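[1] Sharing a sequence plus its predicted fold:
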Amino acid sequence: MNVDGLFDVSGDVVLVTGVSGQLGGEYAKAFLARNARVVGLDLRSSAGSLVMQDEYPDNFMFCSADVTKKASLEQALQDVTGRFGTPTVLINNAAIDSPPSAPPEENGPFEDYPEASWDKVIDVNLKGVYLSCQVFGAAMANAGKGSIINVASIYGLVSPDQSLYEYRRKRGEVFFKPVAYSASKSGILNLTRYLATYWAKRNVRVNSLTIAGVFNNQEQDFLDVYCSRIPIGRMAGVDEYNGAMLFLASPASRYMTGSNLIIDGGWTAI
């Protein structure tokens with residue numbers, strides 16, 4: 001294979017779940033810029049999706065879908081295949097977490113963490129990946145070609161550093177990074193390994209990408225403690241995981257499956 005073709009994704013049909021989020025739109029744009037056909041899946045469209053539809057009318061398609069509902073994903077598959085054909089790349093990016101501004105019970109002590117919150121996060125972050133792989137991964141396996149990229153997190157590898165939030169506790173707040181996000185992202189890692197071996201003979205590769213925090217105008221107190229904790233000294237820029245996505249989707253990683261690629265500024269190296 002020549003060098004020019006090593007990272008070629010121009011023949012791919014790429015599905016990005018959670019396309020309306022901060023990173024999902026970046027992944028979609030990276031593939032569109034390289035002539036892939038891209039389907040953005042989310043509950044609702046966004047301004048970014050409208051821009052992509054305007055700029056890439058022949059190559060971008062927004063599809064309203066709920067990753068927690070198999071019937072919704074099956075309908076999305078029909079819509080995608082009707083326009084672009086069978087998907088060849090699936091990026092399982094959709095995920096939720098309790099934001100810092102969530103109600104106190106969401107970010108309180110583990111002993112009081114609401115069962116409903118646990119169910120909601122696990123439903124989207126883990127069940128959503130499982131169902132998306134069932135529907136879109138099965139179509140890839142039947143076609144004999146595909147790459148699935150499951151987005152994991154540093155907090156699926158190591159425990160959240162609760163000391164990052166000491167500044168909030170010092171100002172009188174009760175705040176702990178909740179448990180469900182970590183549990184869901186940890187589950188992603190072994191779901192990835194399971195499917196990698198399950199579909200290996202059918203030419204569907206399954207890998208995970210473990211990422212760290214992304215700058216999104218967080219409050220300065222948080223940025224100060226986070227950046228002092230991470231070896232590279234800063235949060236990731238919104239486009240700094242695109243290269244890894246293109247690598248995992250392209251022929252450059254054709255012998256790679258069941259692996260976890262870590263891009264975290266050195267967080268888990270400590």
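    The structure has been received and is ready for your questions. Numbering: from 1, shown residues only.
[2] Mind pulling up the pLDDT for residue 103?
    pLDDT, residue 103: 81.
[3] typo on my end, it should be residue 222
    Value for residue 222, per-residue pLDDT: 95.
[4] what's the answer for residue 143, then?
    Residue 143 carries a pLDDT score of 98 in this model.
[5] Now do the contacts for it.
    Residue 143 makes contact with 86, 88, according to Cβ atoms under 8 Å, 6 or more residues apart in numbering. C-betas here are computed from N, CA, C, even on glycine.
[6] From residue 77, how far off is it?
    Residue 143 sits 12 Å away from residue 77, going by Cβ to Cβ, to the nearest Å.
[7] got it, and residue 28?
    18 Å.
[8] okay, the two: which has more neighbours?
    residue 28 (28 against 21; other Cβ atoms under 10 Å).
[9] contacts for the helix or strand hosting that one?
    Assigned by DSSP states H and E, residue 28 belongs to helix 22-32. Helix 22-32 has contacts (Cβ under 8 Å, 6+ apart) with 9, 12, 14, 16-19, 38, 40, 42, 46, 48-49, 52, 55-56, 59-60, 89, 91, 93-94, 151, 211, 214, 216, 238-239, 241-242, 245-246, 249.
[10] among the residues you listed, which are in helices?
    Of the contacts of helix 22-32, the ones assigned to helices by DSSP state H are 48, 49, 52, 55, 242, 245, 246, 249.
[11] for these, which one is nearest residue 199?
    Nearest to residue 199 among those, counting by Cβ to Cβ, is residue 249 at 15.7 Å.
[12] any idea how far residue 42 is from that closest one?
    Residue 249 sits at a distance of 19 Å from residue 42 (criterion: Cβ to Cβ).
[13] who has more neighbours, these two?
    Remark: of residue 249 and residue 42, residue 249 carries more neighbours, 29 against 23, as counted by other Cβ under 10 Å.
[14] tell me the contacts of the closest residue in space to residue 135 that isn't next to it in sequence?
    Among residues not flanking residue 135 along the chain, residue 73 sits closest, at 4.2 Å (Cβ to Cβ, 6 or more residues apart in numbering). Contacts were defined as Cβ under 8 Å, 6+ apart; by that measure residue 73 touches 65, 66, 67, 131, 132, 134, 135, 136.
[15] I'd guessed the first one sits against residue 72; true?
    Meaning residue 65. Yes. Counting by Cβ atoms under 8 Å, residue 65 touches residue 72, with 4.9 Å between them.
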